[in-house]
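Participant: just a sequence and a predicted model for now, questions to come.
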Amino acid sequence: MALIKIDRENFFYNLEQFSQKCGSRDKIAIVLKDNAYGHGLEIMAKLSFDFGLKSAVVRNYKEAQKIKNYFENIIILGDRAVVDNKCSFVLNSLDDIYKAQKDSKVELKIDTGMHRNGISKNELREALELIERYELNLIGVMSHNRSADELSSELFWQNREFKTIKKEIKEIYGLENLRFHSFNSASALRLDCRDQDLIRLGIGAYGYNELPKAFDSIELKPVLSLWAKRVSTRRLKKGQRVGYGGEYISSRDMIVSTYDLGYGDGWMRSNSFKPFITAQGLEILGRVSMDYISLEGDKDEVCIMSDAKRAGEQVGTISYEILTQLSNDIPRVVV
């Protein structure tokens, strides 16, 4: 079967860059949702713990249960709030307040321009009153920046909106002992992080700086590489065809091998794009099958992808999609 290698040194290098920007490792909440962006939930939780991180962010309570032993605090982005001494639950709407369990720890999300989740500014008073009425333990207020990775000024006005809300909550409602957080990886790469209570560090931790080249920012190192093992080898004559539909026609006599990776493993079929070129410069020959690809040569193991951003550029998508669609069943090893 295919194999994913996780580079511990690169991961620690990336975390150190953000630790220096924040002034403290304690300000980093590592985002481990969706199988840690395809890297392996428990593997990356253990490595984060080894580095010294204390906080994590996951999608749901099921993910949180798997990594509770590694962290002091876990933020759950989308699930019903229940009482748990380590977990806090994001309130994405007023309805979430009604559903929450009494005494559960919650973080109120406010929509400052993303227009996806979170209450509106006009609902702030009602939300705070309901949180008090239903006896929820409010520990944080958060938002999410929609365009931090784009060459625009939207990040600045959205941050200004969040600062205004923060001031209002403290001065009008008298709530002081809360943590406020809105920074994602791109926000942290662009702006000073030292005044932030917390940054939610996702794609940056895994080695990807998605900012346009116009920004002067730190260089990061990809953590994940995807490998495939040889299943069989054959010699083709000039003019013989490979795979479904025989789309690849050999231009000369050549050695071709089949490798154990396919769209059943989450690798894109992409037959409408130009042939994909692997990290080692080999062209995928013809269509990707459910479980196999064909490459020239007879190496026992080949690296298909070592930089998801570059891989995504070949097929017209982003690093996030390349990473998160990789099957959870592919073995992952730390190197």
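Facilitator: Great, that's in hand.
Participant: residue nearest the centroid of this structure?
Facilitator: Tyr37 (4.0 Å; Cα atoms, centre = their mean).
Participant: OK, contacts around that one?
Facilitator: Residues in contact with Tyr37, defined by Cβ atoms under 8 Å, 6 or more residues apart in numbering, are 31, 202-203, 206, 320, 323-324. Bear in mind the C-beta positions are built from the backbone N, C-alpha and C, glycine included.
Participant: how about the helices in the stretch 1-150 of the chain?
Facilitator: 8-22, 33-37, 41-51, 61-67, 94-99, 124-133 (DSSP state H, counting those that start in this stretch).
Participant: let me see the mean pLDDT of the shortest one.
Facilitator: Right, helix 33-37. Throughout helix 33-37, pLDDT has a mean value of 98.
Participant: if we can go back for a sec, any chance of the contacts of Tyr37 in TSV, plus secondary structure and distance to Gly266?
Facilitator: What follows is those, written out as TSV (DSSP: H, G, I helix; E, B strand; the rest coil; distance: Cβ to Cβ, whole Å):
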residue	secondary structure	distance to Gly266
Val31	strand	20
Gly202	coil	19
Ile203	coil	17
Tyr206	coil	16
Tyr320	helix	13
Leu323	helix	9
Thr324	helix	8
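Participant: what's the closest of these to Leu175?
Facilitator: Proximity of the contacts of Tyr37 to Leu175 (Cβ to Cβ) peaks at Val31, which lies at 25.6 Å.
Participant: what about the closest one, how many residues close to it?
Facilitator: Per other Cβ atoms under 10 Å, the neighbour tally for Val31 reads 25.
Participant: now it: how far from Arg287?
Facilitator: Distance, Val31 to Arg287, by Cβ to Cβ, to the nearest Å: 34 Å.
Participant: and if you look at Ser93?
Facilitator: Applying Cβ to Cβ, the value for Ser93 to Arg287 is 44 Å.
Participant: quick check: the closest residue to Lys237 other than its chain neighbours vs Met114, distance?
Facilitator: Once flanking residues are discounted, Lys237 sits nearest to Asp253: 5.7 Å by Cβ to Cβ, 6 or more residues apart in numbering. The gap separating Asp253 from Met114 is 56 Å, by Cβ to Cβ.
Participant: so which of the two has more stuff around it?
Facilitator: Using other Cβ under 10 Å as the criterion, Asp253 and Met114 rank with Met114 on top: 16 against 11.
Participant: just checking, Asp84 touches Ser104?
Facilitator: Yes - counting by Cβ atoms under 8 Å, Asp84 touches Ser104, with 7.3 Å between them.
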